[in-house]
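A.B. asks: Requesting a structural model of the entry that follows:
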Amino acid sequence: MLTLDVFLATVLYAALGIVIFIVSFVLVDKLTPGELWREIIERKNMAVALLAGAVAIGISNIIAAAVHG
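C.D. replies: This is a model prediction of the structure:
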């Protein structure tokens, strides 16, 4: 049964996961040489786009495992 406590906890964990994801992705962007978005958008660099996607999936998996317990 979905109670208000369960719903609020779900929303809180989802928001926390999104914030942690954004902070970690920005950190990875700052630690890599060059500018990721300029390489992806302006220069159409597929290798950098694949790297960014793989990083996003990896960070998401780590956050999901940490939140799930």
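A.B. asks: Is G17 in contact with V67, as I believe?
C.D. replies: Yes. Counting by C-beta atoms under 8 Å, G17 touches V67, with 5.5 Å between them. (C-beta placed from N, C-alpha, C; glycine too.)
A.B. asks: out of the two, which sits in the more crowded spot?
C.D. replies: Neighbour tally, G17 and V67, criterion other C-beta atoms under 10 Å: the higher count belongs to G17, 16 against 12.
A.B. asks: what helix or strand is the more buried one on?
C.D. replies: Per DSSP states H and E: G17 is located in helix 4-31.
A.B. asks: Distance from that helix to the middle of the chain?
C.D. replies: Relative to the chain's own centre, helix 4-31 is displaced by 8 Å; criterion: C-alpha atoms, centre = their mean, to the nearest Å.
A.B. asks: right, and I40 touches A52 too?
C.D. replies: Yes. At 6.6 Å, I40 counts as touching A52 under the criterion of C-beta under 8 Å.
A.B. asks: For this protein, spot the helix or strand the model is least confident about on average.
C.D. replies: Taking mean pLDDT, DSSP states H and E as the measure, the chain has helix 36-41 as its least confident helix or strand, at a mean of 91.
A.B. asks: Buried residues in it, which are they?
C.D. replies: 36, 39-40 (16 or more other C-beta atoms under 10 Å).
A.B. asks: Output those residues in JSON lines; the columns should cover distance to T10.
C.D. replies: Formatted as JSON lines, those follow (distance: C-beta to C-beta, whole Å):
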{"residue": "L36", "distance to T10": "31"}
{"residue": "E39", "distance to T10": "36"}
{"residue": "I40", "distance to T10": "32"}
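A.B. asks: With respect to V23, which of the residues you listed is nearest?
C.D. replies: Within those, the smallest distance to V23 is 15.3 Å, found for L36 (C-beta to C-beta).
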